[in-house]
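In: Fold the following.
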Amino acid sequence: MATGGGGAPSTTSGATPLAARRSRWIGQQYADITKLREIAARHDRASARAQQRVARLNSRISKLRHQATVLREKSQKVLATVPEIEQQMKQHERDIEASTKKTGGAPIGSDVTNLHYRVRKLQQKVVDRQQKARALELRAATKTQKTAELKVKVDRYTEVARLEEQEAVAYRQRADRLQMISEGEVADQLKANAPPAKGSSDEPPPTL
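Out: Numbering: from 1, shown residues only. Alright, predicted model coming up:
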């Protein structure tokens with residue numbers, strides 16, 4: 001005897017505990033992916049900051065090297081005038097010797113004392129130029145030493161940038177792998193929960 005309202009039982013049911021656990025698990029995976037990408041971004045930022053410092057330090061090194069070169073060129077120009085001054089001194093000394101021979105044992109005249117004074121002034125010029133050249137060389141050497149110290153910093157920051165970039169790549173790869181796994185699980189779950197397509201039943205069609 002047929003019961004009243006005896007339709008087909010509903011195939012839709014509430015979410016099972018297993019489905020809920022899978023949903024929470026997938027949600028946790030997406031949270032882990034986001035965290036991994038955040039960590040990768042932090043390492044990327046640290047790498048970029050280290051590279052920025054390297055670029056600035058290299059600019060300072062180039063500037064200091066240029067300044068040291070200019071100082072050495074100035075030092076060479078200052079010393080380049082010394083031979084000419086020494087030639088003038090030798091000429092004055094020859095003139096002094098010639099004047100002394102002419103007068104014999106007579107007292108030294110004003111022309112000779114004037115030549116002596118000129119020789120002393122030229123000697124002072126030579127010493128002053130040598131001192132100036134040494135000061136310029138010292139400044140150049142100081143800047144060269146500073147470039148060497150900065151080069152050590154450049155090497156250190158370059159290594160930091162390389163390591164941070166490696167860490168960023170590693171975390172991105174972990175996030176990519178986890179995302180592929182999560183997307184595969186979501187696709188499998190959607191496929192399992194998809195309703196059967198119409199006309200796909202194996203029962204033969206009713207006969208008329």
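In: Go through this structure and flag its longest helix.
Out: Secondary structure of the chain per DSSP state H: the longest helix is helix 110-193.
In: Show me the shaky parts of this protein.
Out: 1-27, 103-108, 183-208 (pLDDT under 70).
In: What helices and strands are in contact with the one helix or strand Gln88 maps to?
Out: Per DSSP states H and E: Gln88 is located in helix 82-103. If you count contacts as 3 or more Cβ pairs under 8 Å, 6 or more residues apart in numbering; DSSP states H and E, helix 82-103 packs onto helix 110-193. To be clear about C-beta, it is placed using only N, CA and C from the backbone, and glycine gets the same treatment.
In: Just want the angle from the helix holding Gln88 to helix 110-193.
Out: 170 degrees (axes from the mean of the first three to the mean of the last three Cα atoms, to 10 degrees).
In: Quick check: buried residues in helix 82-103?
Out: Using 16 or more other Cβ atoms under 10 Å as the test for burial, helix 82-103 gives 85, 89, 92, 95-96.
In: do stretch 110-118 as well
Out: 112, 115, 118.
In: I'd like the distance from Ile39 to Ile85, if you could.
Out: 70 Å (Cβ to Cβ, to the nearest Å).
In: should've said Glu165
Out: Glu165 is 59 Å from Ile85, by Cβ to Cβ.
In: do the same with Leu115
Out: Counting by Cβ to Cβ - Leu115 and Ile85 are separated by 15 Å.
In: next one: Val54
Out: From Val54 to Ile85 the distance is 47 Å (Cβ to Cβ).
In: Same question for Leu178.
Out: To Ile85, Leu178 is 80 Å away according to Cβ to Cβ.
In: cool, Gln67 as well?
Out: 28 Å.
In: Kindly report the same for Ile181.
Out: From Ile181 to Ile85 the distance is 84 Å (Cβ to Cβ).
In: again, but for Val152
Out: Distance from Val152 to Ile85, by Cβ to Cβ: 43 Å.
In: try Ser62
Out: Counting by Cβ to Cβ, the gap from Ser62 to Ile85 is 36 Å.
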